[in-house]
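Engineer: Let me see the structure of the following:
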Amino acid sequence: MTVESAKPRRVLLKLSGEVFGGGSIGLDPNVVRSVAAQIAKAVNQGVQVAVVVGGGNFFRGATLSQNGLDRSRADYMGMLGTVMNALALQDFLEQEGVTTRVQTAITMGQVAEPYIPLRAIRHLEKGRVVVFGAGAGLPYFSTDTVSAQRALETRCDELLVAKNGVDGIYTDDPRKNPDAKRIDFVTYADALAQGLKVVDAAAFSLCQDNSLNMRVFGMNEPGAVTAALLGEKIGTLVSTQAQ
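Structural biologist: This next block holds a predicted model:
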């Protein structure tokens, strides 16, 4: 008689472009190397990790469109920025000994696989990290929304949203209001009622409607990425169910 092993934890990590740039324009190799090392620690402990990357350190479509570019074209430029970040993360992950695949929503066969959900799941089952680039492949969709969609389609247990400069969800913007207090747990319904800014509305609705837990945490503490991937109680948990 065999005993079934516990189902491995599978999570999707959302990394903003700000993370890759270390808060500035371009790519900060030291920051990406650190993130890759933290992801590798969790993978080596059996966590299945998918990643969605932003591209704001290179191009931000909404900002470019405000300065005269066609919004659709500006968004496509932003998507190409996410692919550059995805390839950088792949390289540093593989330097850590973690086999990594990049899948993109825009076909670019020389640098990445096309986004195929079942293939992504198979990679995860084999212990590979899958990095999703090029957003949704469509203009007007944020990488927040893509993160929720990819997490649902690859059957992840939780969506982890890494923030730069803030360590969770607060009652107000802590950078503007020193009296703002961090919230350790909130339901989607309460977050909406209180007007808390977590992720964009479409991503929020996808998670709420499909009962996908979301954990929002900060990147500034050493080891925070590994802790979040392993399921430790850091940052703010957002759930459909009250605790």
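Engineer: in this structure, which spans are strands?
Structural biologist: 10-15, 48-53, 100-104, 113-114, 129-133, 158-163, 169-170, 182-183, 185-187, 213-218, 236-239 (DSSP state E).
Engineer: so how far is the fourth one off the chain centroid?
Structural biologist: With CA atoms, centre = their mean, to the nearest Å as the basis, the distance from the averaged C-alpha position of strand 113-114 to the chain average is 19 Å.
Engineer: Neighbouring strands - and their directions - for that strand?
Structural biologist: Strand pairing for strand 113-114, using DSSP bridges, gives strand 100-104 (parallel).
Engineer: tilt between the partner strand and strand 129-133?
Structural biologist: 20 degrees (axes from the mean of the first three to the mean of the last three CA atoms, to 10 degrees).
Engineer: hmm, who's touching strand 100-104?
Structural biologist: 83, 86-87, 89-90, 93-94, 111-116, 119-120, 123, 128-134, 137 (CB atoms under 8 Å, 6 or more residues apart in numbering). All C-beta atoms are positioned from the backbone trio N, CA, C, and that covers glycine.
Engineer: now these: which count as buried?
Structural biologist: 83, 86-87, 89-90, 93, 112-113, 115, 120, 123, 128-134, 137 (16 or more other CB atoms under 10 Å).
Engineer: My guess is residue 149 contacts residue 205. True?
Structural biologist: No - taking contacts as CB atoms under 8 Å, residue 149 lies outside contact range of residue 205: 11.2 Å.
Engineer: neighbour count winner among these two?
Structural biologist: Neighbours were tallied for residue 149 and for residue 205 using other CB atoms under 10 Å; the higher tally belongs to residue 149 (20 against 15).
Engineer: so who does the spatially closest residue to that one that is not a sequence neighbour touch?
Structural biologist: Excluding the flanking residues, the one nearest residue 149 by CB to CB, 6 or more residues apart in numbering is residue 206, at 6.3 Å. When contacts are counted by CB under 8 Å, 6+ apart, residue 206 touches 145, 148, 149, 152, 212.
Engineer: ok, now how distant is the third one from residue 168?
Structural biologist: Distance, residue 149 to residue 168, using CB to CB, to the nearest Å: 23 Å.
Engineer: what's the answer for the second one, then?
Structural biologist: Here the distance between residue 148 and residue 168 works out to 18 Å (CB to CB).
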